[in-house]
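**Q** sequence and predicted structure are below.
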Amino acid sequence: MKKIDVKILDSRIGTQFPLPQYATEGSAGLDLRACLTEELILQPGETQLIPTGLSIYIADPNLCAMILPRSGLGHKHGIVLGNLVGLIDSDYQGPLMVSAWNRSQVPFKIEVGDRIAQLVFVPVVQTEFNIVTEFTETERGEGGFGHSGKQ
Ligand SMILES: O=c1ccn([C@H]2C[C@H](O)[C@@H](COP(=O)(O)OP(=O)(O)OP(=O)(O)O)O2)c(=O)[nH]1
Ligand SMILES: [Mg+2]
């Protein structure tokens, strides 16, 4: 498995809480925990930046990480991300933060150590633009935004 350098910024990670880990053999995401000092109530519509207690340095420009909502929290409780998706650059070395947004109508309690989001490593292709005046024609051409219909 690919190794990623990690700094433990909060000593409760690795003692009180395990390092983020794949829950099953086929899991894509590593759950991130709320490294809070006390529980937090996220009011309806409120967004708060929550530390994960970790920083990672991906280093490989052909890799990034994305922070995604956990589906149970997002679907059942409306706890998603203030930035919708968090993108972690391969050269970022700062603390990994989760922007937690309560898009529901009711307050939501986040307890210390709760698994609030998940981290997924994803391949990246860096490209450069080749300026042209005409593209090689395709069947779709400029059609988009539903032009092919519904069924
Ligand atoms: O949910 C997130 C999103 C981003 N980051 C960190 C890692 C990422 O590499 C950096 C910058 O994120 P991004 O490029 O999305 O934000 P920006 O607003 O463009 O900031 P910058 O000008 O620093 O690139 O912030 C997080 O810790 N959590
Ligand atoms: Mg940026």
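**A** Okay, I see it. Ligands and ions are numbered 1, 2, ... in the order given.
**Q** so who does the residue positioned nearest the centre of the chain touch?
**A** By Cα atoms, centre = their mean, the mean C-alpha position of the chain lies nearest to Ile67, the distance being 0.5 Å. Going by Cβ atoms under 8 Å, 6 or more residues apart in numbering, Ile67 touches Leu32, Leu81, Val85, Gly86, Leu87, Ile88, Leu96, Val98, Ala117, Gln118, Leu119. (C-beta placed from N, C-alpha, C; glycine too.)
**Q** mind giving me the PyMOL command for buried ones among those?
**A** Those of those that count as buried under 16 or more other Cβ atoms under 10 Å are selected in PyMOL with:
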select buried, resi 32+81+86+88+96+98+117+118+119
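**Q** related to what we said a few turns ago, pLDDT at the nearest residue to the residue nearest to the centre of the chain once chain neighbours are set aside, what is it?
**A** Of all residues not flanking Ile67 in the chain, Gly86 sits nearest, at 3.2 Å (Cβ to Cβ, 6 or more residues apart in numbering). Note for Gly86: predicted pLDDT of 98.
**Q** number the residues from 568 up from this point.
**A** Yes, from this point I'll number from 568; that puts the last item at Gly653.
**Q** so does stretch 597-614 get close to ligand 1?
**A** No: judged by Cβ under 6 Å from any ligand atom, stretch 597-614 makes no contact with ligand 1; its nearest approach is 9.7 Å.
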